[in-house]
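In: Sequence plus predicted model, see below.
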Amino acid sequence: MAEFVFIDAPHELPFIYQTPMCGLNANCASSLPPSPPPPLGIARRSLHDGPFDPLQYQQQTDGYDISLSHLKNVFSQEGPFDGILGFSQGAAMAALVSAQQEKLKGEMDFKFVVLCSGLRSG
């Protein structure tokens, strides 16, 4: 039997709109016109909105220290935990926490990490 504790980030990342990069090839302009940034709130995309660059948030680290502090508080108040499961941006955060497991020993102890639909962090 497993018990899950669901944690939301203590803040929301601001939406960043960037036209996708094509790498080093300068002649790779999309045949689709660039779409304007969506209105504030929940950003929904359809296949017709044009290209999407999933790596555009890769260098954004705003709020990392606040998020890590929040996770430490959850571990101390609701732990111990056997593992961490992270999805999407949560998977990126779980990977960063896992990479610092030795440094966080005693504050955030866990035996395994499951990463789902994550992205590479900067």
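Out: Thanks, I have it. Numbering: from 1, shown residues only.

In: rest of the way, CA atoms for contacts and neighbours
Out: Noted.

In: helix, strand or coil for G106?
Out: Assigned by DSSP: H, G, I helix; E, B strand; the rest coil, the conformation of G106 is coil.

In: So what would you say the end-to-end distance of stretch 79-98 is?
Out: End-to-end distance for stretch 79-98: 16 Å, by C-alpha to C-alpha, to the nearest Å.

In: quick one: buried residues of it?
Out: 81, 84-86, 89-95, 97-98 (16 or more other C-alpha atoms under 10 Å).

In: Now for those residues: which two are most distant?
Out: F81 and Q89 (20.0 Å; C-alpha to C-alpha).

In: of the buried residues of stretch 79-98, the lowest pLDDT goes to which?
Out: Taken together, the buried residues of stretch 79-98 show their lowest pLDDT at Q89, with 83.

In: Next, count neighbours for the residue lying closest to it once chain neighbours are set aside.
Out: Take Q89 and drop its neighbours on the chain: the residue closest to it by C-alpha to C-alpha, 6 or more residues apart in numbering is G118, 6.2 Å away. By other C-alpha atoms under 10 Å, 16 other residues sit near G118.

In: heads up, I number from 673, so please use that
Out: Shifting the count to begin at 673 puts that one at G790.

In: which residues touch G790?
Out: G758, F759, S760, Q761, G762, A763, A764 (C-alpha atoms under 8 Å, 6 or more residues apart in numbering).
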